[in-house]
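**Student:** fold the stuff below for me.
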Amino acid sequence: MKIAYIIFDAMIAESELIINDDGSVFHLHLKPEELADNIILVGDPGRVDIISEYLTDKEFRHQSREFVSVTGKYRGKRITALSTGIGTDNIDIVMNELDALANIDFSTREICPVKKSLNILRIGTSGAVQPDIPLGSFVFSHISVGCDGLLNWYADRDAIALPDIEEAFKAHTHWNRHLPDPYFVSAGQEMISRFRDCTIKGMTIAASGFYGPQGRVLRMPLAMPDMLDTFGSFRFGEWRITNFEMEGSAIAGIAAHLGHNAGTVCCIIANRFLKSSNPDYKPQVRKLIELSLDRMTD
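**Tutor:** Sure thing, here's the model as predicted:
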C-alpha cells in the first residue's frame, strides 16, 4: 500500500489559494486591507445591510454570490460584517479565507511569521430543544456540537475537541454508524466572557441540514426517529443540548485550530419541544445585533 505524504511548501500554490485579479480572495472578494479584526458573520445577506445601518465610515459593500461584506466603524472601532449563506460547507470557505486574509501574505503567497487572531461572532436564529428556553431569548453556544463531519477532514481534530462528552453523547444516542462522527468544540473563552451575563449558556447542535438532520419529518422517515427526545435528554455534568442551528461547529472548530477567538449567539425563534414558533422574530434579531455590536466593541 502506498502512503501519500503532503509537504507544505513555503509558497502556497495558486491552485490552493486562488486570488482574484484585483487582489481579493476567491469567494469572499475581500482584500487583506479591507478586513477588520472584529468580524460579525450572519447567514442571511440581508442582515449585513441591517448591521450596516449601525456603522459609520463605511469603506465598501462587496457582493459575490451569497457572500456580502461591509467594513465600517461602530463606536470608533473598525468592524466587518459578512454573510456566509447556510451550512458548514460555506463556513469552511469563509473561515479559511478570513484566516488567509489575516495570516497569508498575498504578494508572496507565504504564511506571515506573526499570526493575527481575529474576533469572529456568528449571529443567527435557532430552535430550542428544552421547554424552559423561551422564544425571543438569546443562547450563546459555549459548546458547539458538529453533526456535519466537517472538522473530521482536518488533522488533529482531537486536539481541540472534547472527547469525554463526545463518547458520552454517542453512547446516549446509540449513534447511527452511517452518520458522521460528531465533534464537540468550545467557543473562544474571550468571546464567552463578553456574552456570559446576557445570554443563556448553550450546548448547540450544528446540523448538516434543516429537515431530517434536525428531526423534521415531511415525506421521508428519519434514521433517528427519536432524535429530539434523545438529544433533549442528554446530560453531561452541567451540560445539556439547548438548541439547533447549522454553522457554529465549523466556526468554533476551525477558529480553535487557527487561533481565532470565535463564538455563536442565536435568537430563539422556535421551540421544538413545545412545537411553537415566532414568525415575527425580526425585532428580536435586531436587538441581538445591537447587543452584539456593543459587546464586540467594549
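
**Student:** residue 205: neighbouring residues, count only.
**Tutor:** Here the number of neighbours of residue 205 (other CB atoms under 10 Å) works out to 29. Glycine gets a C-beta too; all of them are placed from N, C-alpha and C.

**Student:** contacts only, for it.
**Tutor:** Counting by CB atoms under 8 Å, 6 or more residues apart in numbering, residue 205 makes contact with 129, 145, 147, 214, 231, 241, 243-245.

**Student:** helix or strand for the nearest residue to residue 281 once chain neighbours are set aside, which one?
**Tutor:** Nearest in space to residue 281, with sequence neighbours left out and distances taken as CB to CB, 6 or more residues apart in numbering, is residue 269 at 4.1 Å. Per DSSP states H and E: residue 269 is located in strand 261-271.

**Student:** tell me which other helices or strands the following helix or strand past that strand touches.
**Tutor:** Downstream of strand 261-271, the next assigned helix or strand under DSSP H and E is strand 276-277. In this structure, strand 276-277 packs against strand 261-271, with contacts taken as 3 or more CB pairs under 8 Å, 6 or more residues apart in numbering; DSSP states H and E.

**Student:** now, which of the contacts of residue 205 sits nearest residue 202?
**Tutor:** Ranked by distance to residue 202 (CB to CB), the contacts of residue 205 are led by residue 243 at 5.9 Å.

**Student:** of the contacts of residue 205, which belong to helices?
**Tutor:** Per DSSP state H, helices hold the following members of the contacts of residue 205: residue 231.

**Student:** redo the contacts of residue 205 as JSON lines? Include distance to residue 34 and pLDDT.
**Tutor:** Output for the contacts of residue 205, formatted as JSON lines (distance: CB to CB, whole Å; pLDDT from 0 to 100):
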{"residue": "129", "distance to residue 34": "39", "pLDDT": "97"}
{"residue": "145", "distance to residue 34": "33", "pLDDT": "98"}
{"residue": "147", "distance to residue 34": "34", "pLDDT": "96"}
{"residue": "214", "distance to residue 34": "35", "pLDDT": "95"}
{"residue": "231", "distance to residue 34": "40", "pLDDT": "97"}
{"residue": "241", "distance to residue 34": "38", "pLDDT": "98"}
{"residue": "243", "distance to residue 34": "33", "pLDDT": "98"}
{"residue": "244", "distance to residue 34": "33", "pLDDT": "97"}
{"residue": "245", "distance to residue 34": "27", "pLDDT": "97"}
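
**Student:** just confirm residue 69 is within a strand.
**Tutor:** Yes - assigned with DSSP: H, G, I helix; E, B strand; the rest coil, residue 69 falls within a strand.

**Student:** what about it, how many neighbours?
**Tutor:** With other CB under 10 Å as criterion, residue 69 counts 22.

**Student:** do the same with residue 22
**Tutor:** By other CB under 10 Å, the residues close to residue 22 number 7.

**Student:** can you give me the pLDDT of the nearest residue to it once chain neighbours are set aside?
**Tutor:** Among residues not flanking residue 22 along the chain, residue 31 sits closest, at 7.4 Å (CB to CB, 6+ apart). On the pLDDT scale, residue 31 is placed at 98.

**Student:** in the chain, which helix or strand is least confident?
**Tutor:** Scoring the helices and strands of the chain by mean pLDDT, DSSP states H and E places strand 276-277 at the bottom, with a mean of 94.

**Student:** can you give the strand pairings for that strand, parallel or anti for each?
**Tutor:** strand 261-271 (antiparallel) (DSSP bridges).

**Student:** and the partner strand, how far from the chain's centre?
**Tutor:** Chain-centre distance of strand 261-271: 10 Å, with CA atoms, centre = their mean, to the nearest Å.

**Student:** and the helices in the stretch 1-150 of the chain, which stretches?
**Tutor:** When assigned using DSSP state H, counting those that start in this stretch, the helices of the stretch 1-150 of the chain occupy the ranges 45-52, 88-103.

**Student:** shouldn't residue 100 be in contact with residue 18?
**Tutor:** No - using CB atoms under 8 Å, residue 100 is not in contact with residue 18; the gap is 10.0 Å.

**Student:** for stretch 86-98, buried residues please.
**Tutor:** 86-88, 90-95, 97-98 (16 or more other CB atoms under 10 Å).

**Student:** can you put those in JSON lines and add distance to residue 165?
**Tutor:** Listed next are those as JSON lines, based on distance: CB to CB, whole Å:
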{"residue": "86", "distance to residue 165": "26"}
{"residue": "87", "distance to residue 165": "23"}
{"residue": "88", "distance to residue 165": "19"}
{"residue": "90", "distance to residue 165": "26"}
{"residue": "91", "distance to residue 165": "21"}
{"residue": "92", "distance to residue 165": "23"}
{"residue": "93", "distance to residue 165": "28"}
{"residue": "94", "distance to residue 165": "26"}
{"residue": "95", "distance to residue 165": "22"}
{"residue": "97", "distance to residue 165": "30"}
{"residue": "98", "distance to residue 165": "27"}
